[in-house]
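Peer 1: okay, structure incoming, though there's no sequence with it:
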């Protein structure tokens, strides 16, 4: 099962895709936002090209655990995705994913001007990997039938 991970922002959408086994996430693109229709069309094209079965969208819960204004923007985006695409959409906590992505890029010695181009897709891969890891833990915790 391939899963699409999205880091939704006001200017860009970071995109990551899982491998076919649903074990690892890889950042594949950063979409520069144009308008609602163009953004959804670009996502739909990626879904078709990669045979995606589920979408995971980073959900920006505040550090105190509450939903803020950004959550409502993401919820509107998710409603549009659900109306356009016949796939399940999962909200996944993205708390500090952009900071973590920035730190990873800095550790690897990526220059600041190049980091800006990569940060959204790295954040999307961190969001998606967190989701995939949680799924894996759930599968391991399920009792096996004899």
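Peer 2: Perfect, I can see it now. Worth saying up front: this structure is predicted, and the values here are computed from it rather than measured.

Peer 1: the strands in this structure, which residues?
Peer 2: Secondary structure of the chain by DSSP state E: the strands cover 2-8, 12-18, 25-32, 52-59, 89-93.

Peer 1: indicate which one of the ones you listed is closest to residue 111.
Peer 2: Between residue 111 and the strands of the chain, the tightest spacing by C-beta to C-beta is seen for strand 25-32, at 16.5 Å. Using the backbone N, CA and C atoms, a C-beta is placed for each residue, glycine as well.

Peer 1: low-confidence regions, the protein specifically.
Peer 2: Residues of the chain that meet the criterion pLDDT under 70 lie in 143-146.

Peer 1: in the longest helix anywhere in the chain, what's buried?
Peer 2: Under DSSP state H, the helix in the chain containing the largest number of residues is helix 112-141. Within helix 112-141, the residues that qualify as buried are 115, 118-132, 135, counting by 16 or more other C-beta atoms under 10 Å.

Peer 1: just how off-centre is it within its chain?
Peer 2: Relative to the chain's own centre, helix 112-141 is displaced by 7 Å; criterion: C-alpha atoms, centre = their mean, to the nearest Å.

Peer 1: stretch 79-99 too?
Peer 2: 7 Å.

Peer 1: list the contacts of that stretch.
Peer 2: Residues lying outside stretch 79-99 but in contact with it, judged by C-beta atoms under 8 Å, 6 or more residues apart in numbering, are 5, 7, 36, 40, 43-44, 47, 52-63, 74, 78, 119-120, 123, 126-128, 130-131.

Peer 1: go on, stretch 113-123?
Peer 2: So stretch 113-123 is in contact with 7, 9, 12-16, 27-30, 58, 94, 97-98, 100-102, 104-106, 110, going by C-beta under 8 Å, 6+ apart.

Peer 1: list buried residues within the contacts of stretch 79-99.
Peer 2: Buried by 16+ other C-beta under 10 Å: 5, 7, 40, 43, 47, 52, 54-61, 74, 78, 119-120, 123, 126-128, 130-131, out of those.
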